[in-house]
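1. coords please:
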Amino acid sequence: MHFFSDNKDILIILLVKLGIVASLSALLARSLKFKKTLYAEPRGSQEKLNLVLYWGVPLAIGVAIRNGLGYPAFDLTLEGTFIAGLLGGNVVGLIVGCLVGLTAMFHREWLALPLAAILGLASGLLRNLTPRKEEIWNFSPFVVMNIFQSLRSRVQSRKVVWQLVLLFSCLVAEAVFFVLDRSFPQNWLFRLESSDPVIVLLIFVTTLSCVGITLKIWNNTRLEMKLAEQEVLVVKSRLDALANQINPHFLFNTLNSISSLIRTNPAKARTMVIKLSHILRKLLQGHENFISLREDLEFIDNYLDIEQIRFGKDKLRIEKEIDAETLSCLIPSMILQPIIENSIKHGIAPKIEGGRITIRSTRNQDRISIEVEDNGVGMAEDEIPNVYSSGIGISNIIERLKVVYHSDYVFSVKSFPGHGTFTHIEIPIQEGAVRERAG
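-> Numbers count the residues shown, from 1 in each chain. Model (predicted):
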């Protein structure tokens, strides 16, 4: 009990210091620009400047608070400069060290500037020597506990060796500050002092913990960004795979239509081949996962030109009721073509007199509705559930909508025998998902 009562002030300072470094690290981790700085590897000049501004300036302010208000827990000179060099390299370490050192020199702490500058350079050199930069993020005061485990694996042994190098480098820096503080006149260098060896040990442990806590918080931020990036890549890969399913499906059916006309009407077949070449040219130029409704309608026009040649314009009539405000809205590519293909194949083609397909689009605040209606043969109510799962086209559309919008979409099919089929799609217009394309 005497130990705690005699050293109450310095113990409180050490605890508050841990709280301050954790709070500052967590606060910076909320900044998107700083997150990108942590994630970037290697770091360019902009990322290094961000480290100086976001990390070095608060450290200098902490030194000023310690001198001006007498709150020593705010001084993170050693820990902050060491971290700056590890993450930013020589230049960042030197600049941050000079910032905090100059702030201390205004209060006649003459050793602060050269020591902080040297520490920043040394930790920057340590970063350059570290073979894998991930080892820096694995910094931990408890790395000694992994020594015995590392004996089983040469790879793990190399990791532990570099983590021990980082650990002992931090301890050496603290020891240098400790020795110089006692070797030079008082007030030439700020450092928490105590004659109790236990308190001296706790000061060293606190220094290691401050570095470890900061790197751990920021590493978690990096991992979250990495997971988010991986999730985006997975979604993109799924969309690409689904889009690649549609294109061969569409081309196969179109080629079947052309082959049926080669002998009976070569002129029409030739015209269809030319139209198909326009579509292939667009497909070979590469597709995007999202395109404007205007672009999708242009693609549909090429497809319908082929089908109208096949069926005749009198038998296949197309009507459009398109809200001009929806033309620039982004939608998943190739979601209309399979629906229209089904309307032609299952609705219009069986009717001797042909039929009509109507395409509509409307915008309601932040949502866009797209409708495809035909007056074909229709289907019975108990057949509608099969539409969602049978065939490539419709099931592919539903899967893509799930990938992009999760549950925030509407896809419904209504049909009545002898009256036709009505398909309704409603999706949100995401912020920034509206664009205009010239030409």
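
2. only C-alpha atoms for contact and neighbour calcs from this point on.
-> Noted.

3. Just give the number of residues close to the residue nearest to A380 when sequence neighbours are not counted.
-> Closest residue to A380 apart from its sequence neighbours, by Cα to Cα, 6 or more residues apart in numbering: P417 at 5.7 Å. Neighbours of P417 under the rule other Cα atoms under 10 Å: 13.

4. Packing partners of whatever helix or strand N342 lives in?
-> Assigned by DSSP states H and E, N342 falls within helix 337-342. When contacts are defined as 3 or more Cα pairs under 8 Å, 6 or more residues apart in numbering; DSSP states H and E, helix 337-342 sits against helix 393-405.

5. Show me what counts as buried in the helix it packs on.
-> Within helix 393-405, the residues that count as buried by 16 or more other Cα atoms under 10 Å are G393, I394, S395, N396, I397, I398, R400, L401, V404.

6. ok, then the element right after that helix?
-> strand 410-416.

7. Note down every partner strand of that following strand and its orientation.
-> strand 420-428 (antiparallel) (DSSP bridges).

8. what angle separates the partner strand from helix 393-405?
-> 20 degrees (axes from the mean of the first three to the mean of the last three Cα atoms, to 10 degrees).

9. Now do the contacts for the residue of the chain most remote from its centre.
-> In the chain, T264 marks the outermost C-alpha relative to the chain mean, sitting 55.1 Å out by Cα atoms, centre = their mean. Counting by Cα atoms under 8 Å, 6 or more residues apart in numbering, T264 touches no other residue.

10. Can you tell me how far it is from S257?
-> 12 Å (Cα to Cα, to the nearest Å).

11. got it, and L171?
-> From L171 to S257 the distance is 78 Å (Cα to Cα).

12. Ok, L53 next?
-> As for L53, its distance to S257 is 65 Å (criterion: Cα to Cα).

13. how about the strands in this protein?
-> 290-292, 316-322, 330-332, 355-364, 367-374, 410-416, 420-428 (DSSP state E).

14. what's the closest of these to I65?
-> strand 420-428 (49.8 Å; Cα to Cα).

15. ok, back up a step: pick out whichever of L53 and S257 has more residues nearby.
-> Legend: neighbour count by other Cα under 10 Å for L53 and S257, higher for S257 (18 against 14).

16. The more buried one touches F311, doesn't it?
-> No. If you go by Cα atoms under 8 Å, S257 and F311 don't touch, sitting 9.8 Å apart.

17. rewinding a little: from the buried residues of helix 393-405, which has minimum pLDDT?
-> The member of the buried residues of helix 393-405 with the lowest pLDDT is G393, at 72.

18. one step back: state the pLDDT value of the residue farthest from the centre of the chain.
-> Looking at T264, its pLDDT stands at 82.

19. Check the spacing between it and L166 real quick.
-> In terms of Cα to Cα, T264 sits 81 Å off from L166.
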